[in-house]
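**Q** Prediction below, plus the sequence it came from.
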Amino acid sequence: MALAIITGASSGIGMEFAKELKRTEGIDEFWFVARRQERMEELRDSLGARAKIICADLTTDEGIEAVRRALEEEKPTVKYLVNAAGFGNFGTFEELTENEVVKMIDLNVKALVLVTHMTIPYMERGGRIIELGSGSCFTPLPAFNIYSSSKVFVLHYTKSLNFEIKKYGLRATCFCPGWVETEFLGKATAAGDRVMPKKMVPLLSCNKVVRKCVRAARRGRAMCVTNWYTKLQHLLFKLLPDPVLTRLWIGMLDKKLW
Ligand SMILES: NC(=O)c1ccc[n+]([C@@H]2O[C@H](COP(=O)([O-])OP(=O)(O)OC[C@H]3O[C@@H](n4cnc5c(N)ncnc54)[C@H](OP(=O)(O)O)[C@@H]3O)[C@@H](O)[C@H]2O)c1
């Protein structure tokens, strides 16, 4: 039995990883972690695979403990861990509520780190960890600050972890896609009256970017950037000073910031 644990499996990128890992990596057992149980049940049925469904809000201590308890009780051998649970809301510091800010950090950073740390002891040589970063982690992004900053953490964390776990034959990959066609943007822009981009670049196909990421993870890459404009963004980040990059981004927003 080859097992994958996927957080955020009820939608978008996490759901796509389940399909891809079953198709190409011979994963025949899953643990799905998210809040929407029916979605995960539907995924399990459509995959025709064994799946344990952990219905948990990972921004809460109880949610984190549910994952820890399952690991301690079942002592599985985990081949893949994919941390895809995450969200980001547009808005300046005046617009975001304290609750939104804390939840973004709790889910995108704290839950990702805790789930990773509690799972590593259950992984054997050849195991792979995929952490969801974002193309937004290459540039300071006013009005998307908390989200993009949380993804900077994920990038640095994953790159360092990749070194730390090499001696166990494990690898960690930070996946940094551009805008992908999922429920993410609808939720990010749900409070329609806030500062946000005027127009989004064409959205990437979830299936294509996930396929590329699985290949990169198999090869043990520390980072995976899948599409041309995110690669360009990454290159510009190395070449141009932050204020220039930030001004380019501000020019894409629908309201003046000052
Ligand atoms: N789509 C993009 O353009 C894009 C680009 C770069 C990076 N990313 C990153 O990719 C990851 C997946 O995003 P997506 O695009 O697939 O978005 P999505 O379709 O909205 O999926 C987000 C997933 O996270 C889960 N989730 C949200 N809040 C949770 C909570 N409190 N506890 C447990 N699970 C929770 C959701 O499940 P429930 O609602 O059922 O709990 C869902 O399964 C995120 O980390 C995101 O930052 C997305």
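**A** On my side now, so go ahead.
**Q** only C-alpha atoms for contact and neighbour calcs from this point on.
**A** Noted.
**Q** Get me the contact residues on this protein for the ligand.
**A** Residues of the chain that fall close to the ligand, judged by C-alpha under 6 Å from any ligand atom: 8-14, 34-36, 56-59, 84-87, 132-134, 176-184.
**Q** Pull the contacting residues for the nearest residue to residue 216 once chain neighbours are set aside.
**A** Nearest non-adjacent residue to residue 216, counting by C-alpha to C-alpha, 6 or more residues apart in numbering: residue 224, 6.3 Å away. By C-alpha atoms under 8 Å, 6 or more residues apart in numbering, the contact set of residue 224 is 173, 174, 175, 176, 177, 213, 216.
**Q** Recalculate using a threshold of 10 Å.
**A** Contact analysis of residue 224 by C-alpha atoms under 10 Å, 6 or more residues apart in numbering lists 130, 132-135, 173-177, 209, 212-217, 231.
**Q** again, but for residue 251
**A** Counting by C-alpha under 10 Å, 6+ apart, residue 251 has contacts 197, 198, 257.
**Q** Then residue 90?
**A** Residue 90 makes contact with 96, 142-147, 185, 187-192, 194-197 under the criterion C-alpha under 10 Å, 6+ apart.
**Q** pLDDT wise, what is it at?
**A** Looking at residue 90, its pLDDT stands at 96.
**Q** Look at it and tell me its secondary structure.
**A** With DSSP: H, G, I helix; E, B strand; the rest coil as the basis, residue 90 sits in coil.
**Q** Could you pick out the buried ones from the contacts of residue 90?
**A** 96, 142-147, 185, 188-189, 194-197 (16 or more other C-alpha atoms under 10 Å).
**Q** in the stretch 1-150 of the chain, which spans are helices?
**A** Using DSSP state H, counting those that start in this stretch, the helices assigned to the stretch 1-150 of the chain run over residues 12-24, 37-47, 61-74, 98-105, 112-119, 145-164.
**Q** a markdown table please, covering the ones you listed and showing mean pLDDT.
**A** A markdown table is the format used below for the helices of the stretch 1-150 of the chain (pLDDT from 0 to 100):
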| stretch | mean pLDDT |
| --- | --- |
| helix 12-24 | 98 |
| helix 37-47 | 98 |
| helix 61-74 | 98 |
| helix 98-105 | 98 |
| helix 112-119 | 98 |
| helix 145-164 | 98 |
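**Q** Now do the contacts for residue 66.
**A** Each residue near residue 66 by C-alpha under 10 Å, 6+ apart is listed here: 33, 54, 55, 56, 57, 58.
**Q** for the buried ones among the contacts of residue 90, which one is nearest residue 108?
**A** Ranked by distance to residue 108 (C-alpha to C-alpha), the buried ones among the contacts of residue 90 are led by residue 147 at 8.0 Å.
**Q** Could you verify my assumption that the closest one touches residue 96?
**A** No: Residue 147 is beyond contact range of residue 96, at 11.2 Å (criterion: C-alpha atoms under 10 Å).
**Q** what touches both of these two?
**A** Contacts common to residue 147 and residue 96, judged by C-alpha under 10 Å, 6+ apart, are 89, 90.
**Q** ok, back up a step: would you turn the helices of the stretch 1-150 of the chain into TSV with distance to residue 246?
**A** Shown next, in TSV, are the helices of the stretch 1-150 of the chain (distance: least, C-alpha to C-alpha, whole Å):
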stretch	distance to residue 246
helix 12-24	27
helix 37-47	38
helix 61-74	35
helix 98-105	21
helix 112-119	27
helix 145-164	11
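**Q** Just give the number of residues close to residue 121.
**A** Neighbour count of residue 121, defined by other C-alpha atoms under 10 Å: 13.
**Q** which residue does the stretch 151-258 of the chain bring closest to the ligand?
**A** Nearest residue of the stretch 151-258 of the chain to the ligand, counting by C-alpha to the nearest ligand atom: residue 179, 3.3 Å away.
**Q** What sits closest to that residue if chain neighbours are left out?
**A** Closest residue to residue 179 apart from its sequence neighbours, by C-alpha to C-alpha, 6+ apart: residue 203 at 5.3 Å.
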